[in-house]
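Asker: Okay, sequence plus prediction incoming.
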Amino acid sequence: MVEVEKEGPKTGVVRSAVLDVTQLLIDDGQIEQEKIGSTNYCWSFPAKQAQLLATQTSQLAEHITAEKRSLGETQFKLREARDTRVECEERSKRLKRMYDLKLEINTLEEQLEVLKENDPVEIAKQQASTEMCLQAANRWTDNIYQVRSWLVKKRGMSSKEATQSLKQLGVDANVDYLT
């Protein structure tokens with residue numbers, strides 16, 4: 001490790017970059033590091049990476065085989081269940097009842113959405129939102145009056161000139177507070 005650190009500056013590589021890259025390689029398992037005495041030794045065996053990949057490949061192949069076997073068993077059980085199932089009147093009635101109940105649930109959910117418009121909680125939320133919008137509108141109206149006042153007092157414009165300037169900016173002269 002020390003040898004690599006010493007060779008780095010000679011080739012134009014900063015010492016900290018050498019340490020960072022070495023640490024990344026250690027973290028990725030590309031090289032091994034051992035501290036012997038006061039020195040850190042680093043090494044890498046080319047066959048180690050190939051062996052690791054071979055092990056992972058075999059484990060994944062075993063997993064795929066097991067999953068295919070499980071899938072085959074499940075499909076066999078499903079076919080078997082379908083073949084042994086006897087269509088009877090009671091099953092047909094229950095399936096029809098299930099279908100009717102699903103339709104009823106959908107109808108009730110639609111009615112719930114319609115009734116939600118009259119829900120006191122929803123009405124309170126809308127009133128709070130409306131009140132907040134009203135306050136914001138009045139705040140902007142107040143800002144417009146403050147700008148007009150500033151133009152008259154600080155810029156020496158007449159009230160009519162200030163109103164005309166605001167009209168040029170697209171602000172109506174007849175704005176008033178909302179109640």
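Answerer: Everything's here; your move.
Asker: I'd like the next helix or strand past the biggest helix by length in the chain.
Answerer: The residue-count maximum for a helix in the chain (DSSP state H) belongs to helix 46-84. Using DSSP states H and E, the helix or strand that follows helix 46-84 in sequence is helix 89-116.
Asker: Mind listing what's buried along the next helix or strand after that following helix?
Answerer: Later in the chain than helix 89-116, the nearest helix or strand by DSSP H and E is helix 120-153. By 16 or more other Cβ atoms under 10 Å, the buried positions in helix 120-153 come out as Arg148, Leu151, Val152. From N, CA and C alone the C-beta is placed, and that goes for glycine too.
Asker: roughly how far apart are the second one and Tyr177?
Answerer: When distance is defined by Cβ to Cβ, to the nearest Å, Leu151 is 20 Å away from Tyr177.
Asker: Repeat that for the first one.
Answerer: Separation of Arg148 from Tyr177 (Cβ to Cβ) stands at 14 Å.
Asker: got it, and the last one?
Answerer: According to Cβ to Cβ, Val152 and Tyr177 sit 19 Å apart.
Asker: Could you do Ser129 as well?
Answerer: 19 Å.
Asker: cool, and Leu134?
Answerer: 10 Å.
Asker: what's the answer for Gly8, then?
Answerer: Here Gly8 is placed at a distance of 73 Å from Tyr177 (Cβ to Cβ).
Asker: can you check Ala162 too?
Answerer: For Ala162 relative to Tyr177 (Cβ to Cβ), the value is 19 Å.
Asker: and what of Val4?
Answerer: In terms of Cβ to Cβ, Val4 sits 76 Å off from Tyr177.
Asker: Looking at these two, which has the bigger crowd around it?
Answerer: Taking neighbours as other Cβ atoms under 10 Å, Val4 and Tyr177 compare with Val4 leading, 14 against 11.
Asker: unless I'm mixing things up, that one is touching Thr22, no?
Answerer: Yes. Contact criterion Cβ atoms under 8 Å: Val4 and Thr22 qualify, at 7.2 Å.
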